[in-house]
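Trainee: Build me a model:
(one chain, ligands or ions: 2)
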Amino acid sequence: MQINLTKVLNEPDSSMTVSGVADVGALEAQSDMTFPSGARFEMVFKNLMDCVTLSLKCECEYLSECARCLKEVKGLVSFEFESIVKVDDESGFMLDSDAVLISSSNRLDTDELVAGLLVGYLPMKVLCREDCRGLCPTCGHDLNEGDCGCSKKEVDPRLLKLKALLDNDK
Ligand SMILES: [Zn+2]
Ligand SMILES: [Zn+2]
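Mentor: Ligands and ions are numbered 1, 2, ... in the order given. Purely as a prediction, here's the structure:
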């Protein structure tokens with residue numbers, strides 16, 4: 001969604017609240033997660049004479065799979081973000097370390113902003129639970145459901161080497 005910040009940028013003491021659901025599907029290509037219901041957000045912009053501030057709250061459900069047993073895992077990320085908004089025509093939209101920069105069209109793409117922030121809050125590694133035992137490397141049995149009877153010594157060392165290579169590839 002494109003929002004226009006002209007009024008709040010130009011009128012001292014004004015404020016503007018925008019809420020909605022951001023489409024963060026762009027992140028699906030760079031993570032092994034999907035976001036079936038988008039990211040709910042609320043943004044409050046305030047003109048404080050010498051600067052415009054942004055307070056953002058966001059909550060997003062994700063689906064992913066456990067890194068060990070591949071079971072589907074549903075999680076929730078929520079975060080709050082505070083910054084100031086500055087117009088900088090040279091950079092266009094950019095998340096600077098101390099400001100959100102927008103071009104002089106005064107437009108902000110809420111999907112782009114929410115996705116740009118959300119990516120920093122997603123877990124690096126998703127587990128169905130902290131102590132997930134994963135899958136047996138020999139037969140693929142889910143070890144959370146009990147032992148499979150494979151002896152770990154029987155694993156062909158060449159397969160282990162291959163597995164290590166594949167794991168490194170991730
Ligand atoms: Zn698991
Ligand atoms: Zn097994």
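
Trainee: list the helices and strands the lengthiest strand in the chain packs on?
Mentor: What stands out as the longest strand in the chain, according to DSSP state E, is strand 72-87. Here strand 72-87 touches strand 52-65, strand 99-102, helix 110-118, going by 3 or more Cβ pairs under 8 Å, 6 or more residues apart in numbering; DSSP states H and E. Bear in mind the C-beta positions are built from the backbone N, C-alpha and C, glycine included.

Trainee: Kindly recompute the last result at 10 Å.
Mentor: When contacts are defined as 3 or more Cβ pairs under 10 Å, 6 or more residues apart in numbering; DSSP states H and E, strand 72-87 sits against helix 6-10, strand 39-47, strand 52-65, strand 94-95, strand 99-102, helix 110-118.

Trainee: So for residue 131, which of these sits nearest?
Mentor: When the helices and strands packed on strand 72-87 are compared by Cβ to Cβ, strand 52-65 sits nearest residue 131, at 17.1 Å.

Trainee: for that closest one, which positions count as buried?
Mentor: For strand 52-65, a neighbour-count test (16 or more other Cβ atoms under 10 Å) marks 52, 54, 56, 58, 60-62, 64 as buried.

Trainee: got the residues you listed as CSV, with pLDDT and distance to ligand 1 columns?
Mentor: Below are the buried residues of strand 52-65 laid out as CSV (pLDDT from 0 to 100; distance: Cβ to the ion, whole Å):
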residue, pLDDT, distance to ligand 1
52, 97, 45
54, 98, 38
56, 98, 32
58, 98, 27
60, 98, 21
61, 97, 19
62, 96, 16
64, 96, 11
